[in-house]
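Colleague: Below are the sequence and a predicted model for it; my questions follow.
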Amino acid sequence: PDGMYFLESGSAVVLDRDGEQINVLREGQYFGEYAVLAGQRRLSTVRSLGRTVVFRLGNEDMMAVLQRHPDLYGELMKRVYGQVSGKHSQLTALSRMQRGILQDPENRKPISRRRLLIQYGILAAFFAACAAFVPRHSAAPVFLLPLALMLVHVLLTRRTVESLVVSGMLAALLIHRSSLSVSYTDELIKTLSDPGNAFTIIVMALMGGVVTLIEASGAVTAFKKLVSHKIRSKRQTKLAMLGILLVTAIDDCLNLLCAATSLRTASDEQRLPREDSALLLSFLPTTLCSFFPVSLWGIFVVSAINAGAAGRGFELFCGAIPFNFFSIITAAAMLAFCFDALPRTKKLAAAKKRAESGGNLWPDGSERYLVRDEDEIWGKLINLLLPVVVLGVTSLALRSLAAGSIELDSACGLVATVVFMFFLYCAQGIMSPESFFENLISGMQSMVLPILLYVLTMCFSAMLDQQAMGALLSDLTELLVPLAKYIPAMLFLMFTLLTTALGSSWAMYVIGFPIAIRTAMFMEISVPLCVGAICAAGIAGEKNCLFTSDGLTVGNAIGCDPRAVLGVRLPYSLAFTILSLLFYAAAGMILI
């Protein structure tokens with residue numbers, strides 16, 4: 001190494017040891033720093049694409065600069081460590097930060113002072129009008145005001161958390177007619193003091209810790225070693241992707257990371273276009289997790305179901321699995337896609353033709369998302385599979401043995417799993433006890449946003465109940481009795497559209513399950529069927545939404561333009577949604 005290079009203009013390609021292109025660098029990026037810091041030979045070759053201008057910072061000058069600026073040295077070492085360790089920190093951070101939270105790119109831009117005053121001035125005026133003109137003990141459906149505010153606010157701002165806070169404050173104001181901050185704080189404390197909500201918060205935090213510990217152990221790379229010499233065709237590559245996603249379906253971010261990491265090289269060797277991987281990884285992670293009550297998705301949904309049917313969350317979740325038609329249809333379609341039995345859209349057909357003709361495996365615009373070839377720590381498969389097995393067994397067995405009947409307790413299972421992982425990882429020397437707990441705490445911290453979303457939504461839902469939402473639902477269901485057989489289809493359609501508008505299924509579930517369960521009980525129709533309709537609506541709504549983080553996360557994982565990911569997914573998600581709607585209509589006519 002003779003120094004570190006900075007691209008002033010033009011672009012360059014990064015080639016691996018075999019001369020294969022693995023990345024594209026643009027102006028403003030740099031390369032060559034690892035070899036200087038490590039005192040080793042270059043890990044890859046960087047070749048100019050046409051005319052370029054670069055600045056070179058020689059070895060001695062580079063070290064002199066870093067000695068004068070230790071903060072730069074620290075940041076550079078973090079970047080080098082992130083590349084060499086194979087932790088894929090960018091993808092992991094994206095997945096954690098955006099899990100269940102709508103984050104529109106436009107919201108990253110600062111808001112002007114004029115717009116700030118107008119937007120929140122209108123909100124303040126609306127709050128004042130509601131407090132002045134809505135009677136304190138009105139028999140009217142007052143809960144519609146905060147509910148409508150939440151929907152309008154999230155559609156205009158694309159900010160889910162803020163919309164829940166604003167609408168929750170309005171609901172608290174209408175209930176207590178006292179200080180806005182005091183009344184809302186009291187409702188939040190009441191929500192946090194509920195044992196069911198405390199249970200869910202603990203479980204979500206521990207699940208985040210378990211997932212981070214698995215990632216930190218290097219186990220996400222274990223499948224790569226397993227499949228590296230066994231993949232011989234595109235079909236085998238896609239089936240291997242399906243298998244990895246299924247085995248790791250305790251968390252949709254974890255299984256996405258495992259599948260994308262393990263099969264990137266095999267996919268390129270078999271000339272599998274990025275769009276094919278994008279289709280599978282857009283649909284399957286959440287879809288497969290929706291069949292398992294001990295997955296993070298399942299734990300959240302079981303808790304949301306408990307809000308409408310206390311104590312029956314696990315029972316109704318399992319009973320609703322056969323009626324989660326969107327997930328069933330999606331899983332069947334993706335299996336058919338693995339065997340080339342699913343009709344290809346024009347974009348998928350064009351991608352296949354491009355790859356077979358020797359063109360790029362990725363669509364235009366994907367260069368900035370191409371992942372660098374990194375030296376990786378080979379993880380052990382047992383460090384991933386054993387914790388998953390222990391989690392499933394202990395979640396079902398520990399509480400069942402104590403109660404004498406079959407009960408699911410994911411909190412007990414997660415505590416037992418964390419203890420098991422401590423001895424498993426520390427005994428192998430993968431982590432010290434100190435680093436184990438650092439990773440555990442880091443994972444728990446990564447769940448702050450999802451936990452916040454859960455608490456805010458549960459608080460909001462409880463306040464809607466205080467405003468006689470249940471009584472109105474009872475009156476409405478009496479009017480809808482003649483349409484009883486259409487209720488499952490109506491619930492699926494209504495809450496799919498709501499999720500599409502919110503951009504987040506997690507916020508919808510806490511509102512949707514109580515409504516669906518009460519409607520089913522009032523009208524004496526199948527509760528599992530209605531619960532299955534809500535489960536399916538959340539997944540369908542996210543897959544049809546144009547502004548979720550799904551496309552960006554998958555694009556970063558496989559090296560593909562997020563717009564191409566969205567373009568590949570949408571035609572199929574719309575088709576699966578329409579087909580699911582027909583299934584719910586048919587199920588209503590048969591079962592009701």
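Modeller: It's in.

Colleague: Can you tell me, leaving aside adjacent residues, what's nearest to Arg26?
Modeller: Excluding its sequence neighbours, the residue lying closest to Arg26 (C-beta to C-beta, 6 or more residues apart in numbering) is Ser11, at 5.2 Å. Every residue, glycine included, has its C-beta placed from N, CA and C.

Colleague: So what sits opposite that neighbour in the bridge?
Modeller: Leu49 (DSSP bridges).

Colleague: measure it to Tyr184 for me?
Modeller: Per C-beta to C-beta, to the nearest Å, Ser11 is found 52 Å from Tyr184.

Colleague: Neighbour count: these two, which is higher?
Modeller: Tyr184 (21 against 16; other C-beta atoms under 10 Å).

Colleague: Would you check that Leu272 makes contact with Gln236?
Modeller: No. Leu272 is not in contact with Gln236 according to C-beta atoms under 8 Å; the separation is 10.2 Å.

Colleague: quick one, which of these two is more surrounded?
Modeller: Leu272 (24 against 15).

Colleague: In three-state terms, how would Pro343 be classified?
Modeller: Put simply, Pro343 is coil when judged by DSSP: H, G, I helix; E, B strand; the rest coil.

Colleague: where in the stretch 401-550 of the chain is pLDDT low?
Modeller: 468-480 (pLDDT under 70).

Colleague: Quick one: the helices in it, in order.
Modeller: Applying DSSP state H, counting those that start in this stretch to the stretch 401-550 of the chain gives helices spanning 410-427, 433-445, 448-466, 469-479, 487-502, 505-523, 527-544, 550-558.

Colleague: how far is the second one from where the chain is centred?
Modeller: Computed by C-alpha atoms, centre = their mean, to the nearest Å, the separation of helix 433-445 from the middle of its chain amounts to 21 Å.

Colleague: between that helix and helix 410-427, how many degrees?
Modeller: 150 degrees (axes from the mean of the first three to the mean of the last three C-alpha atoms, to 10 degrees).

Colleague: cool, the third one as well?
Modeller: Helix 448-466 and helix 410-427 meet at an angle of 170 degrees, taking the same axes, to 10 degrees as the criterion.

Colleague: mind listing what's buried in helix 448-466?
Modeller: Of the residues in helix 448-466, 449-464, 466 count as buried by neighbour count, 16 or more other C-beta atoms under 10 Å.

Colleague: for that helix, packing partners?
Modeller: helix 144-157, helix 160-176, helix 180-193, helix 195-216, helix 296-308, helix 505-523 (3 or more C-beta pairs under 8 Å, 6 or more residues apart in numbering; DSSP states H and E).

Colleague: buried set for the helix ranked longest in the chain?
Modeller: For the chain, the helix reaching the highest residue count under DSSP state H is reported as helix 562-591. Buried residues in helix 562-591, counted by 16+ other C-beta under 10 Å: 562, 564-570, 572-573, 576-577, 580-581, 583-585, 587-588.

Colleague: if we can go back for a sec, make a markdown table from the helices of the stretch 401-550 of the chain and add distance to Arg264 to it.
Modeller: What follows is the helices of the stretch 401-550 of the chain, written out as a markdown table (distance: least, C-beta to C-beta, whole Å):
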| stretch | distance to Arg264 |
| --- | --- |
| helix 410-427 | 25 |
| helix 433-445 | 24 |
| helix 448-466 | 27 |
| helix 469-479 | 48 |
| helix 487-502 | 31 |
| helix 505-523 | 28 |
| helix 527-544 | 23 |
| helix 550-558 | 7 |
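
Colleague: so which of the ones you listed is the most packed in?
Modeller: helix 527-544 (a mean of 28; mean count of other C-beta atoms under 10 Å).

Colleague: Report the angle between that helix and helix 550-558.
Modeller: Using the same axes, to 10 degrees: helix 527-544 against helix 550-558 is 70 degrees.

Colleague: And the helices of the stretch 401-550 of the chain: which comes nearest Met4?
Modeller: The closest of the helices of the stretch 401-550 of the chain to Met4 is helix 550-558. By C-beta to C-beta, the value is 24.7 Å.

Colleague: Quick one: work out the angle between the closest one and helix 562-591.
Modeller: 120 degrees.

Colleague: quick revisit: could you export the helices and strands packed on helix 448-466 to CSV, including columns for distance to Met241?
Modeller: Formatted as CSV, the helices and strands packed on helix 448-466 follow (distance: least, C-beta to C-beta, whole Å):
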stretch, distance to Met241
helix 144-157, 34
helix 160-176, 30
helix 180-193, 40
helix 195-216, 18
helix 296-308, 19
helix 505-523, 23
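
Colleague: just those helices: most buried one?
Modeller: helix 296-308 (a mean of 25).

Colleague: and the angle from that helix to helix 527-544?
Modeller: Going by the same axes, to 10 degrees, helix 296-308 makes 130 degrees with helix 527-544.

Colleague: Tell me the helix or strand right after helix 296-308.
Modeller: helix 313-320 (DSSP states H and E).
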